[in-house]
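Colleague: Have a look at this prediction, sequence included:
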Amino acid sequence: MTSSDMEYLTIALPKGKLFEPSVKLLAELGYTAEGLSENSRKLVIVNETKKIKFIITKTADLPTYVEYGAADIGIIGKDVLLEEAKHVYELVDLKFGYCRLMVAVPQALKQEKFSDYAHMRVATKYPNIAERFFHSMGIQVEIIKLNGSIELAPMVGLAEMIVDIVETGRTLKENQLIEVAQIEPATARFIANRVSFKMKFDRINQLTKDLQELVTRGGVK
Ligand SMILES: Nc1ncnc2c1ncn2[C@@H]1O[C@H](COP(=O)(O)OP(=O)(O)OP(=O)(O)O)[C@@H](O)[C@H]1O
Ligand SMILES: O=P(O)(O)OC[C@H]1O[C@H](OP(=O)(O)OP(=O)(O)O)[C@H](O)[C@@H]1O
């Protein structure tokens, strides 16, 4: 780490659904920067007074920035952490961004036993999670990696099943899919680079404690 790296605390935030609640949570603890908003196109935003640098990443790439130390800390969904399986410390469950990973199929393809799904094609944005899940069930399937609109795949015959996240259940319902297995629930997590955690222990440990306390009090109202 250079002395300039040591001077700043670099915080990675993901674009998308978790951005706004993450900014609000950090702002509550005084971690702010002018121009840090969803509408900005800037990818690095610095608060010189507080020596904080925010970097804005694509959701799936965030753990990579933290693993390599391009960011000291970050906020990301547990679903992405499970999929990317990077070597980072997971410090606080921030309790927002709740969703769950599950398996769904069109009503017409629902099977009696889970083992009857063997050899089907599974469309997903989470190929590693899907692979691990079906492997743990002792079922061999073909995983097809997609980048979004996963529910479309069974409707057009690309796959028979999907592994995706569900929040309200509305997308499943509107596309005539039913959940047939739960994999894991997911919420936003506060993570840290392993070297940064030691080198910038005081700052990261303080923020960890403050976040934990804020979450225990019920988060940002
Ligand atoms: N209904 C939901 N849909 C998607 N993500 C949700 C939902 N509820 C909570 N989340 C959480 O928000 C995170 C970010 O979701 P978002 O849709 O912004 O992802 P993304 O991969 O950046 O999307 P895109 O591929 O459209 O850029 C998810 O990884 C998950 O942890
Ligand atoms: O249960 P619901 O409340 O309907 O939410 C779940 C949907 O939201 C996510 O998609 P997203 O909006 O992120 O778009 P994507 O398909 O492009 O990833 C997810 O992949 C589901 O499609």
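Modeller: Here it is on my side, so go on. Residues are numbered from 1 along each chain as shown. Ligands and ions are numbered 1, 2, ... in the order given.
Colleague: residues touching the residue nearest to I165 when sequence neighbours are not counted, list them.
Modeller: Excluding the flanking residues, the one nearest I165 by Cβ to Cβ, 6 or more residues apart in numbering is C99, at 4.2 Å. Backbone N, C-alpha and C define where each C-beta goes, glycine included. Listed by Cβ atoms under 8 Å, 6 or more residues apart in numbering, the contact partners of C99 are G77, D79, I165, V166, E167, P185, A186.
Colleague: Give me the buried entries from those.
Modeller: A residue is treated as buried here by neighbour count (16 or more other Cβ atoms under 10 Å); on that basis the buried members of the contacts of C99 are G77, D79, I165, V166, A186.
Colleague: Let me know the closest of those residues to ligand 2.
Modeller: The shortest approach to ligand 2 among those belongs to V166, at 4.2 Å (Cβ to the nearest ligand atom).
Colleague: May I have the predicted confidence score for the closest one?
Modeller: On pLDDT, V166 comes in at 98.
Colleague: Give me the phi and psi for it.
Modeller: Dihedral angles of V166 (phi, psi; degrees, to the nearest 10) stand at phi -130, psi 140.
Colleague: Now name the helix or strand holding V92.
Modeller: Under the criterion of DSSP states H and E, V92 resides in strand 89-93.
Colleague: Pull up the pairing partners for that strand, direction included.
Modeller: Strand pairing for strand 89-93, determined by DSSP bridges: strand 188-192 (antiparallel).
Colleague: just to revisit the earlier point, show me what the mean pLDDT comes to for the strand holding V92.
Modeller: Averaging pLDDT along strand 89-93 yields 98.
Colleague: Across the sheet, point out what pairs with the one residue sitting closest to the centre of the chain.
Modeller: Most central in the chain under Cα atoms, centre = their mean is G77, positioned 2.3 Å from the mean C-alpha point. Following DSSP bridges, G77 is listed with bridge partners A188.
Colleague: how close does it get to N193?
Modeller: Here the criterion is Cβ to Cβ, to the nearest Å. By it, G77 lies 18 Å from N193.
Colleague: now do H87
Modeller: To N193, H87 is 9 Å away according to Cβ to Cβ.
Colleague: Can you pick out the residue with more neighbours from these two?
Modeller: Using other Cβ atoms under 10 Å as the criterion, H87 and N193 rank with N193 on top: 26 against 10.
Colleague: confidence score at the nearest residue to that one once chain neighbours are set aside?
Modeller: With Cβ to Cβ, 6+ apart as the criterion, N193 has its nearest non-adjacent residue at 4.7 Å, and that residue is G69. At G69, the pLDDT value in this model is 97.
Colleague: Number the residues from 149 up from this point.
Modeller: Sure, I'll start numbering at 149, so the last one becomes G217.
Colleague: Where does pLDDT dip in this structure?
Modeller: 151-152 (pLDDT under 70).
Colleague: I am finished for the moment; much appreciated.
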